[in-house]
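Colleague: Here's a sequence, model it:
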Amino acid sequence: GNPPRIKQDESKSTYESWCKHEDAKIDWTKPVADVYNLIRGTNPQPGAWTTHNGQVLKIFDCSMSEVSGSPGEVKEISEDGITVCTKGGGLLIKRVRPENDIKIYSIVYETIDWDGIVRQASGAIYVPDIEEKIEFPLYSGQHGTESKRSNVASIIPLRAFDAMFMASIGYIGSSPDLLGLGVSDDVVHPYVHKFVAEAVVDKIRAVKNFLCDKGINENGQLFIAGYSEGGYVAMATHQLIEQKYADEFQVTASAPMAGPYDMSFSSKRILSINSYPQPGYISFTYMSYNTIEKLNRPASDLFQSPYAERIPDLMDGSKSIGEANSYLTNVIKDLFSEKFLTEFLGNGEIELKESFEKNSLLDWKPKAPIKLFHGDNDDEVNYNNSVIAYDNLKSNGADIELITIDGGSHSGSIFQSYSQALDWFNILKEE
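Modeller: Predicted coordinates for the structure are as follows:
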């Protein structure tokens, strides 16, 4: 074509100024396309940013995702990144940089399994990148449920967003992959089983040795936290240290969040309801207890076909919980055999019930303070787990508090729980 050429009226022209830092702040209440374009348009400079606990987090890469939830709600943490809700959808955040620089290390260390066999385990360490020689507190952050062996911090550092963030504000961040994940490919993951804490303690030892070798000083404080399965692991680790390793470590404080601390209550509740949104959790629990407790029962003893045949392969470390869920069913009476449900909800299945009771975290007296965090609308890990844990530990003499996230779902309470927990840790932190 031959479009007309019209000279610009210079008297009406203006200059566009540089895009400044304040222009790149993310408003999660904006439509998903607007937030996506902001992140894309400000990459690499000045970089779109948001805040967490008053600290700036820059975001450089994302893609749009079809999810729903409250603006700013974290829906999922996967091997691909962190999915955050906005208006009309969500964004998969793929690359994040804290305001203060950190160094990240992947390590392999030795631990033992429940039979006393030496095993290799892996994890990540996050260290503040500063020249000043100061002493740092140690933060051990335990990840939520993960069944895919490669979805761990030693391989994907963003998986341990909490440990990464803590390093950016002056902590040594530690994230253990745990047995059965990461390099540990020759053993089952001790899912919601007390033994899981042994690998956490050995990781803390490995971190201390690493810091000594690097000439990095720590101040002797130890903070422990975790969400979902990580909440269970955090409390189990706190208990293990105070009951078995008190001459070596001293817990400063712990913040278990949304964990199944009462395995007896959790198992009975799940088997009593019509449907459960995370059947992969159930399969993972079976694989863990069947091996560690030496129940030696085929999946067909508990589950109906075709799920009984699928479960061992689904839990072999190659699939995430979300992927496993797609091969299972949410309907409890369709997932489990009628005989098993009748016996478990009645007077049978004594050995399995005793195993769950033995691995509940209620019968001990913590010395260090604990704050529990839990959303009261959690349909994955029922809120009453935290109520029961609070009541039992309080009656045992614990310095404990339960922080309720009003109306909070399992995924919707993650950041609010972590924010309050980390605020508390910062109050206790020695400068």
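Colleague: could I get stretch 310-328 in CSV with only the CA atoms?
Modeller: Written as CSV, here are the backbone C-alpha positions of stretch 310-328 (Å, rounded to 0.1, in the frame of the first residue of the first chain):
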residue,chain,number,x,y,z
ARG,A,310,-0.7,-48.5,39.7
ILE,A,311,0.5,-47.2,43.1
PRO,A,312,4.0,-48.8,43.3
ASP,A,313,5.0,-47.3,39.9
LEU,A,314,3.4,-44.0,40.7
MET,A,315,5.5,-43.7,43.9
ASP,A,316,8.8,-44.8,42.3
GLY,A,317,10.3,-41.2,42.2
SER,A,318,9.4,-40.5,38.6
LYS,A,319,6.2,-38.6,39.1
SER,A,320,5.0,-35.7,41.2
ILE,A,321,2.0,-35.9,43.5
GLY,A,322,0.0,-34.0,41.0
GLU,A,323,0.9,-36.4,38.2
ALA,A,324,0.1,-39.4,40.5
ASN,A,325,-3.3,-37.9,41.4
SER,A,326,-4.3,-38.0,37.8
TYR,A,327,-4.0,-41.9,37.8
LEU,A,328,-5.9,-42.3,41.0
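Colleague: Check which residues of it are buried.
Modeller: 310-311, 314-315, 317, 319-321, 324-325, 327-328 (16 or more other Cβ atoms under 10 Å). (Glycine included, C-beta is placed from N, CA and C.)
Colleague: Same question for stretch 109-124.
Modeller: Neighbour counts over stretch 109-124 (16+ other Cβ under 10 Å) mark 109, 111, 113-114, 119, 121-124 as buried.
Colleague: from what I can see Pro256 touches Ser228, true?
Modeller: No: look at Pro256 against Ser228 with Cβ atoms under 8 Å: they stay out of range, at 10.1 Å.
Colleague: of these two, who's got more company?
Modeller: Between Pro256 and Ser228, counted using other Cβ atoms under 10 Å, the more crowded position is Pro256 (31 against 25).
Colleague: contacting residues for that one?
Modeller: Applying Cβ atoms under 8 Å, 6 or more residues apart in numbering, one finds that Pro256 lies in contact with 225-226, 231-232, 234-235, 238, 370, 372-373, 389.
Colleague: At which residues are the strands of this structure located?
Modeller: 48-52, 55-65, 74-78, 81-86, 89-98, 102-112, 118-128, 135-142, 172-176, 217-227, 253-257, 370-375, 400-405 (DSSP state E).
Colleague: between the last one and strand 253-257, how big is the angle?
Modeller: Here strand 400-405 points in a direction 40 degrees away from that of strand 253-257 (axes from the mean of the first three to the mean of the last three Cα atoms, to 10 degrees).
Colleague: who's in contact with strand 400-405?
Modeller: 366, 369-376, 383, 386-387, 390, 393-394, 412-413, 416-417, 420.
Colleague: Among the residues you listed, name the buried ones.
Modeller: Looks like the contacts of strand 400-405 have 366, 369-376, 383, 386-387, 390, 393, 412-413, 416-417, 420 buried, using 16+ other Cβ under 10 Å.
Colleague: helices or strands next to the helix or strand of the chain with the lowest mean pLDDT in the packing?
Modeller: In the chain, no helix or strand scores lower on mean pLDDT, DSSP states H and E than strand 74-78, which sits at a mean of 74. In terms of contacts (3 or more Cβ pairs under 8 Å, 6 or more residues apart in numbering; DSSP states H and E), strand 74-78 is packed against strand 81-86.
Colleague: quick one on the thing from earlier: partners of the least confident helix or strand of the chain in the sheet?
Modeller: strand 81-86 (antiparallel) (DSSP bridges).
Colleague: For the closest residue to Ile39 other than its chain neighbours, name its beta-bridge partners.
Modeller: Excluding its sequence neighbours, the residue lying closest to Ile39 (Cβ to Cβ, 6 or more residues apart in numbering) is Ala48, at 4.3 Å. When assigned by DSSP bridges, Ala48 has beta-bridge partners Ile59.
Colleague: In contact with Ala48, which residues?
Modeller: Counting by Cβ under 8 Å, 6+ apart, Ala48 touches 24-26, 38-39, 42, 58-60.
Colleague: So of these, which two are at opposite extremes in space?
Modeller: By the measure Cβ to Cβ, Lys25 and Phe60 form the most distant pair in the contacts of Ala48, at 14.6 Å.
Colleague: Looking at those two now, which is surrounded by more residues?
Modeller: Per other Cβ under 10 Å, whichever of Lys25 and Phe60 has more neighbours is Phe60, with 17 against 13.
Colleague: Kindly state the pLDDT recorded for the residue nearest to the more buried one when sequence neighbours are not counted?
Modeller: The shortest distance from Phe60 to any non-neighbouring residue, by Cβ to Cβ, 6+ apart, is to Arg95 (4.4 Å). As predicted, Arg95 sits at a pLDDT of 81.
Colleague: Quick check: bridge partners of Arg95?
Modeller: Asp61.
Colleague: how many other residues sit next to it?
Modeller: By other Cβ under 10 Å, the burial measure for Arg95, its neighbour count, is 13.
Colleague: Roughly how far does it sit from Gly346?
Modeller: Distance of Arg95 to Gly346, given as Cβ to Cβ, to the nearest Å: 52 Å.
Colleague: The longest helix along the chain packs against which elements?
Modeller: Longest helix in the chain by number of residues (criterion: DSSP state H): helix 196-214. Helices and strands touching helix 196-214, by 3+ Cβ pairs under 8 Å, 6+ apart, are strand 102-112, strand 118-128, strand 135-142, strand 172-176, strand 217-227, helix 229-244.
Colleague: what residues does stretch 259-278 touch?
Modeller: With contact meaning Cβ under 8 Å, 6+ apart, stretch 259-278 is reached by 145, 192, 226-235, 282, 285, 321, 325, 330-333, 336, 341, 344-345, 353, 356-357, 359-362, 379-382, 384-386, 388-389.
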